[in-house]
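Novice: Output the structure for:
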Amino acid sequence: MMHMRGKESKDLKEIFNAKEASYYIGCSAQKVRERMKRKLWDLGEVIPKGKLGNKEKCEYNIYRYKLEKHIGRKLEEVDTNEHSRP
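Specialist: Residues are numbered from 1 along each chain as shown. Presented below is the predicted three-dimensional model:
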């Protein structure tokens, strides 16, 4: 689900996973997960595997506005398009 906050953000994701966030931060996805789990980085929410039913892993929802605050800049459509390329 995409939230619209004006014309400039209509094509940008609002929620990222750990792998996507790690690209912008410049570290591994595992580091993002561990720092979030230990509450060292406030990038969003960690949903424990027990609350997800039969899933084997926790889920990490990283909010764009918190990621932008963490990296010290706004993400632009160019950033997200570059990341989605193979």
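Novice: which residue sits closest to Glu56, ignoring its sequence neighbours?
Specialist: Leaving aside its sequence neighbours, Glu56 sits nearest to Lys49 (Cβ to Cβ, 6 or more residues apart in numbering; 6.4 Å). Glycine gets a C-beta too; all of them are placed from N, C-alpha and C.
Novice: now Met36
Specialist: Of all residues beyond its chain neighbours, the one nearest Met36 is Val46 (5.3 Å), with distances taken as Cβ to Cβ, 6+ apart.
Novice: doesn't Cys58 make contact with that neighbour?
Specialist: Yes. The pair Val46 and Cys58 passes the contact test of Cβ atoms under 8 Å, sitting 5.6 Å apart.
Novice: Between the two, which contacts overlap?
Specialist: 33, 37 (Cβ atoms under 8 Å, 6 or more residues apart in numbering).
Novice: Give me the below-cutoff pLDDT ranges for the protein.
Specialist: By pLDDT under 70, the low-scoring segments of the chain are 1-11, 77-86.
Novice: show me where it has strands.
Specialist: Secondary structure of the chain (DSSP state E): strands at 15-16, 44-47, 59-63.
Novice: now, of those, which is deepest in the fold?
Specialist: strand 15-16 (a mean of 20; mean count of other Cβ atoms under 10 Å).
Novice: what lines up beside it in the sheet?
Specialist: If you go by DSSP bridges, strand 15-16 pairs up with strand 59-63 (antiparallel).
Novice: Name the surrounding residues that touch the strand it pairs with.
Specialist: Surrounding strand 59-63, the residues in contact under the criterion Cβ under 8 Å, 6+ apart are 14-18, 20-21, 32-33, 36, 43-47, 49, 52.
Novice: ok, now with 10 Å
Specialist: Outside of strand 59-63, the residues that reach it under the criterion Cβ atoms under 10 Å, 6 or more residues apart in numbering are 13-22, 24-25, 29, 32-33, 36-37, 41-49, 51-52, 69-70.
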